[in-house]
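*Asks:* Dropping the sequence and predicted coords here.
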Amino acid sequence: MPMNIAILIDAENVQPVHAGRIFEHAASLGDIAYKEIYGTGPAISTWVEPVLRYAIHPNLTIKASKGKNSSDIALVIGAMDLIHNVDAVILVSSDSDFSALAVRLRSEGIDVIGMGTEKSNELWRTACSSFVVLAAPAAKPKQASNARQTGNGRQSSNGRQANAKQAVNARQANDSQTAPAKKAEDAKPVASTHTERAAAIRAFIRAEIERAGGRLQTSVLFSSLNNLPEYRVDQQRSRRKPLNYLIRQYGDAFAIEADGEGNHFISMSAAAPEAVAEAEAPEASEPEAVDSGAGEAVAEAGELQMLIAAGIPEVDAPQVVEIFTQSRNKREAYNRLRKAFGVAGRDYYNRVKAIGEGEA
């Protein structure tokens, strides 16, 4: 099931020239359910063209006095209103003030993809599940005029015609040289089988880790992987969130570890996927035993058949059993199911709990 995504844009912090990149990346991750932009009148007015093109809903704010961050507060309120309706939120801003919002959303099992310019500091980047750098647009080259000028500074008619003819000839020559290269690039097919795509992705990850000196933050890795067609196809077809997909598909070949602050790193040495899954689970301040009826129910020999009969898809049932039997308490089991299956994880939790209550 594709992720439901909300895009929240800070119009006072990001330029509209990045709109195409923002929506292209969002579309590669799932279904865009909400498109919101926040800012004062002057800021949003610069976004008129993208607002109309992508049907973004504008949220106009008014500063009561100089220096007030009313737009930031409005964006935070908008994000919290959507907390139970989406699987992922794309926060478009270079402002590190949104770091606390990113941490809060992630504590609810929501993926947070930050998108900002190169000036975004490390605190803001690491607070997100992944971060995409919006490159500055290339400056338009100044056009040199070779036309003859008349005494009053105007080009003569003959000069304009000569320049126009030269420009046409130059474009035609350039197109004839670059067309074969463009066609060859466009014609490059994406691997048709999972095995071929996995091999390409594995080699890409290995190269990125080596380039980083042996250890790489996963948010940086995902920013690079999103430019790899094989990864975009394979991850979307897996219907898993990026980190869960990475652990499940490549946890046997790479070590993926958490630092206790929500940041994940990948290195060359092998590590068991189960150890990484445990690192993801938040620690409970007061450990509470898993509901006894549910724990016993999923531990019996017929556990898979019971879950399937309760309406949990056969493909997901083994992982649900694993999560429930290895979790230390109900909160940990719930959080791990939400991380693994998104919104469906909440339903799986209630179904297993209902089985336990029936067996008690």
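*Replies:* In hand now; what should we look at?
*Asks:* Flag every buried residue along stretch 200-207.
*Replies:* 200, 201, 204, 205 (16 or more other CB atoms under 10 Å). C-beta here means a position set from N, CA and C on the backbone, and glycine is covered the same way.
*Asks:* Which residues outside the helix or strand containing the last one are in contact with it?
*Replies:* Yep, that's residue 205 we're talking about. Using DSSP states H and E, the element containing residue 205 is helix 194-211. If you take CB atoms under 8 Å, 6 or more residues apart in numbering as the criterion, helix 194-211 is touched by 190-191, 215-216, 221, 224-225, 228, 230-231, 233-234, 237, 249-250, 253-254, 266-268.
*Asks:* Out of the residues you listed, which sit inside helices?
*Replies:* Among the contacts of helix 194-211, the members falling in helices (DSSP state H) are 221, 224, 225, 230, 231, 233, 234, 237, 249, 250.
*Asks:* which residues does the most centrally placed residue in the chain contact?
*Replies:* The centre of the chain sits closest to residue 113, judged by CA atoms, centre = their mean, with a distance of 4.3 Å. By CB under 8 Å, 6+ apart, the contact set of residue 113 is 25, 29, 88, 89, 90, 91, 128, 129, 130, 131, 132.
*Asks:* For it, pull up the helix or strand it's in.
*Replies:* Short version, using DSSP H and E: residue 113 is in strand 111-116.
*Asks:* cool, and residue 5?
*Replies:* Short version, using DSSP H and E: residue 5 is in strand 3-10.
*Asks:* Of the contacts of residue 113, just say which sits nearest to residue 335.
*Replies:* residue 129 (14.5 Å; CB to CB).
*Asks:* Listing request: residues of the stretch 51-200 of the chain with sub-threshold pLDDT.
*Replies:* Along the stretch 51-200 of the chain, segments meeting pLDDT under 70 span 64-68, 137-188.
*Asks:* Residue 305 and residue 115: what is the separation?
*Replies:* Distance, residue 305 to residue 115, by CB to CB, to the nearest Å: 44 Å.
*Asks:* Make a markdown table from the ones in helices among the contacts of helix 194-211 and add distance to residue 60 to it.
*Replies:* Converted to a markdown table, the ones in helices among the contacts of helix 194-211 look like this (distance: CB to CB, whole Å):
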| residue | distance to residue 60 |
| --- | --- |
| 221 | 38 |
| 224 | 37 |
| 225 | 37 |
| 230 | 42 |
| 231 | 38 |
| 233 | 39 |
| 234 | 41 |
| 237 | 40 |
| 249 | 44 |
| 250 | 45 |
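*Asks:* and which of those is nearest to residue 136?
*Replies:* residue 224 (18.5 Å).
*Asks:* do you know how far the nearest residue to that closest one once chain neighbours are set aside is from residue 264?
*Replies:* Distance criterion CB to CB, 6 or more residues apart in numbering; nearest residue to residue 224, sequence neighbours excluded, is residue 208 at 5.7 Å. Counting by CB to CB, the gap from residue 208 to residue 264 is 14 Å.
*Asks:* So which of those two has more stuff around it?
*Replies:* Ranked by neighbour count (other CB atoms under 10 Å), residue 208 and residue 264 place residue 264 first, with 22 against 16.
*Asks:* Tell me where the stretch 201-350 of the chain has strands.
*Replies:* Per DSSP state E, counting those that start in this stretch, the stretch 201-350 of the chain carries strands over the ranges 215-217, 255-258, 264-267.
*Asks:* Going by contacts, tell me the helices and strands next to the first one.
*Replies:* This points to strand 215-217. Here strand 215-217 touches helix 194-211, strand 264-267, going by 3 or more CB pairs under 8 Å, 6 or more residues apart in numbering; DSSP states H and E.
*Asks:* Show me what the shortest one is packed up against.
*Replies:* Put plainly, it is strand 264-267. helix 194-211, strand 215-217, helix 218-225, strand 255-258.
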